[in-house]
Each structure stands twice: as C-alpha cells, then as structure tokens.
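Enquirer: below are the sequence and a predicted model; questions follow.
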Amino acid sequence: MKRCILLAFTALVVSGASHATPRHSVTIREVVKNLDLTRFPNSVGPRRLSGKTTFADYGFVTVVEHGAGASLFQQDKSWVMRFRILSAGPHSLRLCFHDRGLARTGEAATPSYNATSALLVSKSPRGAWTARQVPAGFATCKNDPLAARERSRPGSRPSASER
C-alpha cells in the first residue's frame, strides 16, 4: 500500500516538473520563431520586405533566452529586440517588447532608437503569433514609442525602459 502511494506521488511530481519548465521554454521559442514583426510598431517598419515577417527574416539570428523572455541580436550586433512574457493564457500572451539600436564597432554615433511596447499576442490559425500594441500598456510595461526622439533633446529624461 505504501509502495503504491509512493509510486503515485513520484509520478505526480515527475509529471508536474516536466510540464513547468519546458512549456515556458517552448513558448519563448515559439514567439522567437513565429512572432509577426509587421503587425505592430517597431523598427522593422521602415524596411519591411514582401514575404518577410519573423525575427530571422530580418537578420535577428543570435537568440539569448533569459528568465521569461529572450534577446535577439542582428548578426553584426547593431540592433537588439527583446521581449519578456508577462503572462500566458491558453490563447494569448502579454509581452513587454523592447527594440533598440546599438553602437557598432568603429562607429562614432550610436543609434538613438529605443522603444518599448506593451503587446497582446495571439496565435493565428496559420501558426504565426500576431501582436497588437495595447494603448494603455500593462502595469509592468508602458509604451514608450517616442523614446528615440526624447533622448535626442539635450536635458531629456531617460525612457521608462531605461529607468
């Protein structure tokens, strides 16, 4: 009897542990693979190309997963997009998305683009993760689309994503 209880308890613990961590990791990987960058405001907008929608399509090939999200860098490390999963439901995710230009080796000037977007993301029937910016943002993530313009002015305050 004790043996059956111990086996049942062990099975519950093992099955619970196997679903917790990998599922979160899978969701991060799905967003990295499938998020449609053309559906919400970000730095890809000015350079959109027909048929290209994902991070990889736009050269964000170095992926570093961290905690509840990931940072994606272009091959030359001149740009980074990162996201943090704020919550995940059965049909949608809430993401805090950051988009920033970085200094290139040998260049004197650093791009001033640095924006934050609160995104509601859902999976389309075709498997893509489509996002829309939530105008009011979330408690832990506020939209900051004017960050690049504000920082270019002398004496400006840092953006919410930099504080």
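Expert: Looks like it arrived, so ask away. Bear in mind that the values here come from a model prediction, so they are computed numbers and not experimental data. Residues are numbered from 1 along each chain as shown.
Enquirer: who's residue 96 bridged to?
Expert: residue 84, residue 118 (DSSP bridges).
Enquirer: low-scoring stretches of this structure, by residue?
Expert: Along the chain, the model assigns pLDDT under 70 to residues 1-25, 103-111, 145-163.
Enquirer: ranges for the helices of the protein?
Expert: 2-34, 147-151 (DSSP state H).
Enquirer: got the end-to-end distance for stretch 41-52?
Expert: Criterion CA to CA, to the nearest Å; first-to-last residue distance in stretch 41-52 is 15 Å.
Enquirer: how about residues contacting that stretch?
Expert: The contact list for stretch 41-52 (CB atoms under 8 Å, 6 or more residues apart in numbering) reads 37-38, 57-58, 79, 81, 97, 99, 101, 113, 115, 117, 133, 145. To be clear about C-beta, it is placed using only N, CA and C from the backbone, and glycine gets the same treatment.
Enquirer: can you do 7 Å?
Expert: Residues from elsewhere that reach stretch 41-52 (CB atoms under 7 Å, 6 or more residues apart in numbering): 37, 38, 58, 99, 113, 117, 133, 145.
Enquirer: filter those down to the buried ones.
Expert: Among the contacts of stretch 41-52, those scoring as buried are 37, 38, 58, 99, 113, 117, 133 (criterion: 16 or more other CB atoms under 10 Å).
Enquirer: so the third one makes contact with residue 38?
Expert: No: the pair formed by residue 58 and residue 38 falls short of the contact definition of CB atoms under 7 Å, at 9.6 Å.
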